[in-house]
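# Here's my sequence, what's the structure:
(chains A and B)
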Amino acid sequence: MNDNAVSVSRVSKNFHYTSARASTLKSLVTGIFRSDSSKSSDIQHALRDVSFDVKKGEFFGIVGRNGSGKSTLLKMIAGIYQPNSGHIRVEGKLVPFIELGVGFNPELTGRENVYLNGALLGFSRPEIEAQYQEIVEFAELDKFMDQQLKNYSSGMQVRLAFSMAVRAKADVLLIDEVLAVGDADFQRKCYEYFKRLKKDKKTVVFVSHDMSAVQEYCDRVALIEKSKLVTVDSAEKVAQLYRQLFNSEELTKEIIEGKRWGDESVITTEIKTEVTAKEIIIRQTVQAQADGLDTIIGIRIKDSSGKEVAGTNTKIEQVRVTPTIKGTTHTVTWRMSNVLSEGDYIVDPSVLLADGITVADWWNEATILKVRKGRHLPYPVDPGFSVKIAKA
Amino acid sequence: MQKIRQRFRYPLILLRQLVKTDFKLRYQGSVLGYVWSLLRPLAIFVILYVVFTKFLEIGKDIPHYPVYLLLGIVFWNFFIEITTGNVSVIVSSSDLIRKINFPKYVIIFANSVSALINLAFNLVVVAFFMYINDVQLRSEALLLPILILELFAFALALGFFLSAAFVRFRDITYIWDVIVQGAFYATPLLYPLSMVPVSAAKIILLNPVAQIVQDARYVLITDQSQTISSVYQNGRMRLVPIAIVTVSILVATIYFRSRSRFFAEEV
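Here you go, the predicted structure:
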């Protein structure tokens, strides 16, 4: 008796950089005569010795930051990539949603795409025919099915793809976070679908860096960081650890090593943040190293996954920046109302010359902005809501 | 039996759908659509007829020479469509391969079915000209499906091998182009085999494509077509083309199977 739906045991995965691989016959031939000492540095360890089990009927989360190896893991469970060592066993039929609408072809009509995508999901023609009407109704695309997909708006495409996805009959569903993209209405549908999966006791493996979604749906969560499995625990505990890890020395170190470039004619010397319930204030100190330069000073705010959420610059705000005088320092104070959802955000300050192309100082991940609201929302903004119910 | 059906259920569903899609896309935006599949061999025949009966004086000793030529060209085009047509097909399906796990061989088969359909169209045209030219059908014509099967198997084997190799070595397409150019003239497509010395004909006929084309001409059009059996009598060398085809299938299967596991990360 085995009640594991997915078992991952001692799985490692390496990727070879393309430069190391002989992509033409010539380099294959010449490569034989070259010493291979440099080869090992071209190997990227995407995952090292990862083991865990997903039980039947479990909503299992895999979290980790960008580049931690979580998507590689998902693709290996889906059978798209092969592990270099260890093995993965899946009980029953598995349907992966690495992306919605796999195989969608813009030149085909909506109807034809339904059959094509359906075939990829394992549906025969009669099976699709039997539920065709439901698919179309759910996607709300009744009038458009005989039009080419290229004439659809992206929202319509996503609706059609999602309408197909929820039909998938599988013992194990693999869902990548990209599923939850799109407008609010669509996100709601997505989360409703998740709830239904949970209610139906489906086995789901859900990959995300959105801790609030993970906390809401997942029974257990695996945390992946730097190609290694850190822990498998309850969603609550992993969420806690995730936040700790993200604020730990690791990140501070990354900030010090952080990507920063430019010609250094004008530099950001200091960046400070202040977060209140109502307002976010960012103070950027800028120092000129040369005379007479016109500059554009800007900031950008990204969420913990690196997705850009806000940003502006002096040009957009139509604030005149006086030409630089060597050695002088200015402080730029940015104020915005605190509409961000709870979480940690990254601030990227930048100084560009007025041509808008020459970078004087671009500083990625200069500092972190901590927004605490006392509640999690699965959306990027939390401007504070007021709700009133009145008798009509 | 049930197990086999279960195992091939998904590949078959996929194959059918991919073939359908391919067909819809192929003739989209072309006014005549499928008619082109018929017009192409017709046009080739007219050109061959004019060139070889009015200007060039070769092939006089072979009855129905233009039809004889057409059949060769039709077979050759079929071979090219499956080999050259499959070289880059895995790479161009990278979008699919990276997002879902499915048996990769389906792509090659799906891409080759249209070649089979084209061949059927072309053979209709050949039959039409055979009728016009009063070619006498003999009972040997029944062997034609076997020859087509042999050609299909050989072309598929090469298609599988080339497409898998192309994922890693992008030079394959250029190399294959050169090989095709050479093979076109090394195969007795435009000239009668009787024009070359017997010793050369013996070598030429070891090439499975040449053997198949000559055999097909023999069974369908004229017993004046030199075949591998007529050149080697009953020697063992007769079996060389079949051996080449068999080995090709084995090598291609093994190579494709072992490489296809890594397509997703290499395309």
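# Downstream of the strand or helix carrying B:P145, the next helix or strand is which one?
Assigned by DSSP states H and E, B:P145 belongs to helix B:144-168. Reading on from helix B:144-168 to the C-terminus, the next helix or strand found by DSSP H and E is helix B:172-186.
# Which positions in that following helix come out as buried?
B:I172, B:W176, B:A183 (16 or more other CB atoms under 10 Å in any protein chain shown). Glycine gets a C-beta too; all of them are placed from N, C-alpha and C.
# Next: stretch A:77-93.
Buried, per 16+ other CB under 10 Å, within stretch A:77-93: A:I77, A:A78, A:G79, A:I80, A:Y81, A:P83, A:G86, A:I88, A:V90, A:E91.
# Whether it contacts chain B - can you check?
Yes. Residues of stretch A:77-93 contacting chain B under CB under 8 Å from any CB of the partner chain: A:A78, A:G79, A:I80, A:Y81, A:Q82.
# picking up where we left off before, buried sites along the helix holding B:P145?
Within helix B:144-168, the residues scored as buried using 16+ other CB under 10 Å are B:147-148, B:150-168.
# Unless I misread the structure, B:L206 falls within a helix.
No. B:L206 is assigned coil when assessed by DSSP: H, G, I helix; E, B strand; the rest coil, not a helix.
# next one: phi and psi at it?
Dihedral pair for B:L206: phi -70, psi -20, per degrees, to the nearest 10.
# burial measure for it, as a count.
Neighbour count of B:L206, defined by other CB atoms under 10 Å in any protein chain shown: 17.
# what sits against it?
B:I228, B:M237, B:V240, B:P241, B:I244 (CB atoms under 8 Å, 6 or more residues apart in numbering or on different chains).
# Now, those residues that are in helices?
B:I228, B:V240, B:P241, B:I244 (DSSP state H).
# In CSV, list those along with neighbour count, pLDDT and distance to chain A.
Converted to CSV, these look like this (neighbours: other CB atoms under 10 Å in any protein chain shown; pLDDT from 0 to 100; distance: CB to the nearest CB, whole Å):
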residue, neighbour count, pLDDT, distance to chain A
B:I228, 26, 89, 33
B:V240, 17, 94, 28
B:P241, 21, 95, 27
B:I244, 17, 97, 23
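# export those to JSON lines and tack on distance to A:A46?
Putting these into JSON lines (distance: CB to CB, whole Å) gives the following:
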{"residue": "B:I228", "distance to A:A46": "53"}
{"residue": "B:V240", "distance to A:A46": "47"}
{"residue": "B:P241", "distance to A:A46": "46"}
{"residue": "B:I244", "distance to A:A46": "42"}
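# Can you tell me which residues in the stretch 151-267 of chain B are near chain A?
Counting by CB under 8 Å from any CB, the stretch 151-267 of chain B sits next to chain A at B:R168, B:F169, B:R170, B:D171, B:I175, B:R261, B:F262, B:A264, B:E265, B:E266.
# Produce a PyMOL select command limited to the buried residues of the residues you listed.
This is the PyMOL syntax for the buried subset of those, where burial follows 16+ other CB under 10 Å:
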select buried, chain B and resi 168+169+171+264+265+266
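# Can you pull the poorly scored residue ranges out of the stretch 101-250 of chain B?
Scanning the stretch 101-250 of chain B for pLDDT under 70 picks out nothing.
# and the nearest residue to A:A78 once chain neighbours are set aside, how many neighbours?
Sequence neighbours aside, A:P96 is the residue nearest to A:A78 in space, at 3.8 Å (criterion: CB to CB, 6 or more residues apart in numbering or on different chains). By other CB under 10 Å, 24 other residues sit near A:P96.
# quick revisit: need the residues of stretch A:77-93 next to chain B in a markdown table (columns: pLDDT and secondary structure).
Shown next, in a markdown table, are the residues of stretch A:77-93 next to chain B (pLDDT from 0 to 100; DSSP: H, G, I helix; E, B strand; the rest coil):
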| residue | pLDDT | secondary structure |
| --- | --- | --- |
| A:A78 | 91 | coil |
| A:G79 | 91 | coil |
| A:I80 | 91 | coil |
| A:Y81 | 92 | coil |
| A:Q82 | 91 | coil |
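# And the residues you listed, which is closest to chain B?
A:G79 (3.7 Å; CB to the nearest CB).
# Could you look up the SS state of the closest residue to the closest one other than its chain neighbours?
Spatial nearest neighbour of A:G79, excluding adjacent residues (CB to CB, 6+ apart): B:N101 at 3.7 Å. Secondary structure assignment for B:N101 (three-state DSSP): coil.
# got the residues of the stretch 51-200 of chain A near chain B?
Selection of the stretch 51-200 of chain A residues close to chain B by CB under 8 Å from any CB yields A:75, A:78-82, A:96, A:98-99, A:102-103, A:105, A:107-108, A:112, A:115-116, A:118-120, A:122-125.
# Please pick the buried ones from the residues you listed.
Applying 16+ other CB under 10 Å to these flags A:75, A:78-81, A:96, A:98, A:102-103, A:105, A:108, A:112, A:115-116, A:118-120, A:122-124 as buried.
# And A:I224, what's its pLDDT?
Per-residue confidence (pLDDT) for A:I224: 90.
# my guess is it contacts A:G67, does it?
No. If you go by CB atoms under 8 Å, A:I224 and A:G67 don't touch, sitting 10.2 Å apart.
# Looking at those two, which is more packed in?
A:I224 (22 against 13).
# tally of neighbours for A:K199?
A:K199, neighbours per other CB under 10 Å, totals 8.
# and if you look at A:S163?
Neighbours of A:S163 using other CB under 10 Å come to 23.
# what do you get for A:N4?
A:N4 has 16 neighbouring residues, counting by other CB under 10 Å.
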